[in-house]
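Asker: Requesting a structural model of the entry that follows:
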Amino acid sequence: MLAAYIWHWWIGLVLLIAGIAGAVALIGGYLKQVSSQRYPGGKRAREQEL
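Answerer: Next up is the predicted model:
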């Protein structure tokens, strides 16, 4: 039963890291989308200058 106990710790650690990475990616994607609409760069910025 020692292997099962150790396995639970490892799978928990993997799920924790995956959850944190998913949350960071979700927040980062949201901030990127919101800031790109607020501060347009590239083609949209040049069109607004004209």
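Asker: Can you list the low-confidence ranges for the protein?
Answerer: 42-50 (pLDDT under 70).
Asker: Does the spatially most central residue of it belong to a helix, a strand or coil?
Answerer: For the chain, residue 25 is the residue whose C-alpha lies nearest the centre (C-alpha atoms, centre = their mean; 0.2 Å). Three-state assignment for residue 25 (DSSP: H, G, I helix; E, B strand; the rest coil): helix.
Asker: what sits against it?
Answerer: When the contact criterion is C-beta atoms under 8 Å, 6 or more residues apart in numbering, residue 25 has no partners at all. Heads up, the C-betas are built off the backbone N, CA and C, glycines and all.
Asker: And it, how far from residue 41?
Answerer: Distance, residue 25 to residue 41, using C-beta to C-beta, to the nearest Å: 21 Å.
Asker: Do a quick rundown of the helices in this structure.
Answerer: Taking DSSP state H, the helices of the chain run over residues 2-38, 43-49.
Asker: Quick one: neighbours of residue 36, just the number.
Answerer: 12 (other C-beta atoms under 10 Å).
Asker: mind checking how far it is from residue 15?
Answerer: On the measure of C-beta to C-beta, residue 36 and residue 15 end up 31 Å apart.
Asker: Ok, residue 28 next?
Answerer: 20 Å.
Asker: still on that earlier bit, what's the spacing between the residue nearest to the centre of the chain and residue 13?
Answerer: In terms of C-beta to C-beta, residue 25 sits 19 Å off from residue 13.
Asker: cool, residue 41 as well?
Answerer: 39 Å.
Asker: again, but for residue 39
Answerer: Between residue 39 and residue 13 the computed distance is 38 Å (C-beta to C-beta).
Asker: same deal with residue 35?
Answerer: 33 Å.
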